[in-house]
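>>> requesting a structural model of the entry that follows:
(one chain, ligands or ions: 1)
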Amino acid sequence: MRVPVSTEVKTTTCYMCACRCGIRVHVDEKDGRSSIRYIEGNPEHPLNRGVICAKGSSGIMKQVSPARLTRPLKRKEGSERGAGEFEPISWNEAFDLLEKRLARIRRTDPKQFALFTGRDQMQALTGLFARQFGTPNYAAHGGFCSVNMAAGMIYTIGGSFWEFGGPDLERAKLFVMLGTAEDHHSNPLKIAISKFKRDGGRFISVNPVRTGYSAIADEWVPIRPGTDGAFLLAVANEIVVQGLYDREFVARYTNGGQLVITDPGSPRHGLLATDGDADPVNPLYPQNQLWWDRHSNRAVLSHTPQADPSLFGDFRLADGTRVQPAFQLLADRLRPHTPEWAAAFTGIPAATIRRLAREMGVTARDEKIELPIAWTDCWGNEHRSVTGNPVAFHAMRGLAAHSNGFHTVRTLAILMSLLGTIDRPGGFRHKAPFPRAIPPSAKTPTGPEGVQPDTPLAGLALGWPGSPEDLFVDAEGSPVRIDKAFSWEYPLSVHGLMHNVITNAWRGDPYRIDTLMLFMANMAWNSTMNTVEVRRMLNDRGTDGEYRIPFIVVCDAFQSETTAFADLVLPDTTYLERHDVMSILDRPISEFDGPMDAVRVPVLPPAGECKPFQEVLIELGSRLGLPAFANKDGTRKYRDYPDFVVRHETEPGSGIGFLAGWRGADGEKSMLGEPNPAQWQKYAENNCVFKHELPPSYRYMRNWNRGYMEWAQRMRIRRWGEPILIHLYSEVLQRFRLAAQGRWPGRRAPERHAKRVETYFDPLPFHYAPLEAQATDLEKYPLAAITQRPMAMYHSWDSQNAWLRQIHAHNYLFINPRTARASGIEDGAWLWVESQWGRVRCMGRHSEAVEPGTVWTWNAIGKQPGAWGLAPEANEARKGFLLNHLITDTLPGATSNSDPVTGQAGWYDVRVRIYPADQTGVFPEFPVLNAVPGMKKERKKWLAYVAGKEIGE
Ligand code: SF4
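Numbering: from 1, shown residues only. I've put the predicted structure just below:
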């Protein structure tokens, strides 16, 4: 007899990567049991419009992964960390244990608790929890991912790529992509590139490796890793020298026309000249800078009606102070950076650099777009149309993950601005809540007094320093945070430095901590540098016999190399089993034409005893009596996470919550409004997405668009309404430089950091060799080694997915045939790849799609035997390898292998040599990890999923 089966189609949001496409999940209900039949893209979702990728469809295999953790676990008494020996405990026991421990820490010294999360999408909640707990020691993955991209762009144009802005390929004619393989904004970008190419657009990819998007570029420009800054400086120089910059845009919308004090004897040297008698309007973002008016040949207030600033010149103010337009200083800085100069670093012929610069400049100048959209700028000028210069750029980690990445990314933002492409059709366009002020107004506490027992942190854990006064340091200038973020070592580390946490905590530098909680971060393997040593640190004990990091909590959906080091493991749900929000308070899914946020709703019940990490935080927050989660009488405020999302407001009565759609008691309001108890239901009925379309006149020129500014202030997306001039010249950086020179009226850099701050806090962009390259014998280690994320996998999550493993089950080192032959390495042979920090043995492949000075591999495919529910003899463990073993976390001089401005991890700076191996097999080797209680017992040789059923043997 056939058993009746009913198939239901449920909409939610994908999380097989961070793109957040809308999906429809077809679920069979049979005998009270739910199973997925298949997952498809949701054609009604504005982001992916029905498109789904291999990862998205393979979400099914995430559900049935043998690596699923299903029970809370406690490390077995007497077992060593790393051995992965656990016993199951109940959630109550786990919560009791955590409550007791965390309550003690909060009562005594909240910074002894550190919470670091990986590629989650709930930083609005995790950040709130940390702040309420009172610890400064909180960060997410950004510091080891792409903080240079965020910081370099936001400190220059007030916005950044991907979640906060991107290329307008709908109208661009020329698209230049740098340092991007196949990752962020995957499906939407693929859709856009495909249409762009069909419409006849020209696509240039500048990348050491031709994979992913680059494979379909019209022109691939191979470049040596870590030299993009040199390329961009030379292109920018050509644009200025050839007069191809958009003068009107530069004059009105950047600080290029503003006067900089160029008087080395003055304490204000390098700062913008201001009119002390004029109203600054907003002391945080003063509006009383000066132009040198070309018509009257005198200094006038910036943006005086009818005035036109000189971009070049050398002037004296009435009091004799010497000043120059910021643009003049930029042009002077760019001048020596000729294509010939850049060719020596980048490997790109000077003629190619010159040709590309000309193509960008001429396309921007001669193919202007005009849209019949009237708008008014912040100075009251009415414009009949919106115009644009159709050259669009996109860039990501390839530019960012170098210790020189901040200045590289700032150079890119400056080039985009010289071409006049910021928030204009065919160029770069912002996505709400950006643009933000430069720098954004969110700040951390500024000293140790901001951390007090039983008290929320007196500021945010992560912020945007605008001057030395905003650093989070003590009276001696030493860091308050365990990762040394916002200290003189890494002043603008706006995403924190998660990659330093374990090493710093182990060293007790700047202090020891008690409890480290990690969520979704594989810090004992592919998310850490110096892997072998970091694993030893996690298991190391002090002279008192206690672990140097006394207690480690890991919350994850899967068994990993890191869960093995936990004292307590909390099993998380998958994205198909929980509520989630992609909030405007965090990283929404906004598009160019207006804010968008999205949710996930459970389409399946949690496996075993899995609990969403969000619920863990709500429960802990309630038990600990944190003000945002508990009433004054100590009772809990929220039933659960969905209840929290609906009822939590940023301030009582603010009308702003995690979700912007269907607010107000009856769901009629959006963006602002009272909590709506039926909000989840409304999202579920509307493809789990909310979109607010801005009127056309608010969609462009948002840095300077009065209508948009007023709307954004009303919606409390922006706090301030002043125009956001592009910082071609960074006064923020100059403030730190003055502090390093002892000339800033406030805080001064301690002697030990002064030289470094003075060097790297240059208000104008510059190029320097990555710090690791500077500390390497490049004759001995001549090759750059980098990794990329494969198109079919996202971080370590998917390299255990039974369907996706059929695409990549192990990785090779890809080498240009010329380089390989010169080293005597045959295609497919085993070889040693060695840096000054260590060596690994792996298999190599010859590939023409990599420039000769670079070798590369896929990231995170190599696994510890037995980890991620894979059989110990799986290819991932026996043939796959991890390049991280070759990357140091500490450079000579005991500094972190990070960008000195932002703390961005220098993942792509390692230099190596290669030579044939006389043995086969992966090195280094690691012990086999056993399955933990709650994981599937038997490890099948193969695993398939057919018609809602898991099969295998
Ligand atoms: S691009 Fe990412 S979010 Fe979109 S379907 Fe693929 S895996 Fe899912």
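>>> for the residue of the chain with the smallest separation from the ligand, what are its contacts?
The nearest approach of the chain to the ligand comes at G56, 2.6 Å away (Cβ to the nearest ligand atom). For the C-beta atoms, the positions are set from N, CA and C on the backbone; glycine is no exception. G56 sits next to 14, 16-17, 21, 23, 39, 41, 187 when contact means Cβ atoms under 8 Å, 6 or more residues apart in numbering.
>>> does L412 sit in a helix or strand, and which one?
Following DSSP states H and E, one finds L412 within helix 405-418.
>>> average model confidence for that helix?
Averaged over helix 405-418, pLDDT sits at 98.
>>> after it comes which helix or strand?
Helix 405-418 is succeeded, C-terminally, by strand 428-430 (DSSP H and E).
>>> buried residues of that next one, list them for me.
428-430 (16 or more other Cβ atoms under 10 Å).
>>> and stretch 781-801, is it in reach of the ligand?
No. Using Cβ under 6 Å from any ligand atom, we find that stretch 781-801 stays clear of the ligand, coming within 6.5 Å at best.
>>> chain center to that stretch, what's the gap?
17 Å (Cα atoms, centre = their mean, to the nearest Å).
>>> dump the C-alpha coordinates for that stretch into PDB.
Only the C-alpha atoms of stretch 781-801 are listed here, as PDB (Å, rounded to 0.1, in the frame of the first residue of the first chain):
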ATOM      1  CA  TYR A 781      61.600  32.200  -1.400                       C
ATOM      2  CA  PRO A 782      60.700  33.800  -4.700                       C
ATOM      3  CA  LEU A 783      57.100  32.700  -5.200                       C
ATOM      4  CA  ALA A 784      53.900  34.200  -3.800                       C
ATOM      5  CA  ALA A 785      51.500  31.600  -2.400                       C
ATOM      6  CA  ILE A 786      47.800  32.300  -2.200                       C
ATOM      7  CA  THR A 787      44.500  30.500  -1.700                       C
ATOM      8  CA  GLN A 788      41.000  30.900  -3.200                       C
ATOM      9  CA  ARG A 789      37.600  29.700  -2.300                       C
ATOM     10  CA  PRO A 790      36.300  27.300  -4.900                       C
ATOM     11  CA  MET A 791      33.100  28.100  -6.700                       C
ATOM     12  CA  ALA A 792      31.400  25.000  -5.300                       C
ATOM     13  CA  MET A 793      32.300  25.400  -1.700                       C
ATOM     14  CA  TYR A 794      32.100  28.000   1.000                       C
ATOM     15  CA  HIS A 795      34.800  27.900   3.700                       C
ATOM     16  CA  SER A 796      35.200  24.600   5.500                       C
ATOM     17  CA  TRP A 797      31.500  23.900   5.700                       C
ATOM     18  CA  ASP A 798      31.100  22.400   2.200                       C
ATOM     19  CA  SER A 799      34.300  20.500   1.800                       C
ATOM     20  CA  GLN A 800      32.500  17.700   3.700                       C
ATOM     21  CA  ASN A 801      29.300  17.900   1.600                       C
END
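>>> confidence score at P479?
Looking at P479, its pLDDT is 98.
>>> cool, D183 as well?
On the pLDDT scale, D183 gets 65.
>>> residues making contact with stretch 774-789?
Counting by Cβ under 8 Å, 6+ apart, 181-183, 208-209, 211-212, 224-226, 398, 768, 795, 819, 833-836, 853-860, 883, 886, 891-892, 907-914 sit against stretch 774-789.
>>> how about 7 Å then?
The contact list for stretch 774-789, computed with Cβ atoms under 7 Å, 6 or more residues apart in numbering, reads 181-183, 208-209, 211, 224-226, 833, 835-836, 853-859, 883, 886, 891-892, 908, 910-914.
>>> picking up where we left off before, quick one: distance of the helix holding L412 to the chain centre.
Centre to centre, stretch against its chain (Cα atoms, centre = their mean), the figure for helix 405-418 is 17 Å.
>>> show me what that helix is packed up against.
helix 147-157, helix 228-241, strand 391-395, helix 397-400 (3 or more Cβ pairs under 7 Å, 6 or more residues apart in numbering; DSSP states H and E).
>>> residues from the protein in reach of the ligand?
Residues of the chain lying near the ligand (Cβ under 6 Å from any ligand atom): 14, 16-17, 19-21, 48, 52-53, 55-56, 186-187.
>>> least confident pick among those residues?
Within these, pLDDT is lowest for S186, at 84.
>>> and the gap between the closest residue to Y641 other than its chain neighbours and M671?
Spatially, and ignoring its direct neighbours in sequence, Y641 is nearest to Q614 (4.2 Å; Cβ to Cβ, 6 or more residues apart in numbering). Per Cβ to Cβ, to the nearest Å, Q614 is found 23 Å from M671.
>>> who's more crowded, those two?
Q614 (24 against 21; other Cβ atoms under 10 Å).
>>> let me know the pLDDT of the more buried one.
96.
>>> please apply the same query to the one 3 residues further on.
In this prediction, L617 carries a pLDDT score of 98.
>>> which one is it nearest to, not counting chain neighbours?
F129 is the one closest to L617 (Cβ to Cβ, 6+ apart), at 4.7 Å.
>>> just the residues contacting the helix or strand harbouring that neighbour, thanks.
F129 belongs to helix 123-133 when elements are defined using DSSP H and E. Outside helix 123-133, the residues that touch it by Cβ under 7 Å, 6+ apart are 106, 110, 113, 115, 117, 120, 138, 140, 456-457, 460-462, 583, 585-586, 614, 617, 621, 626-629, 658.
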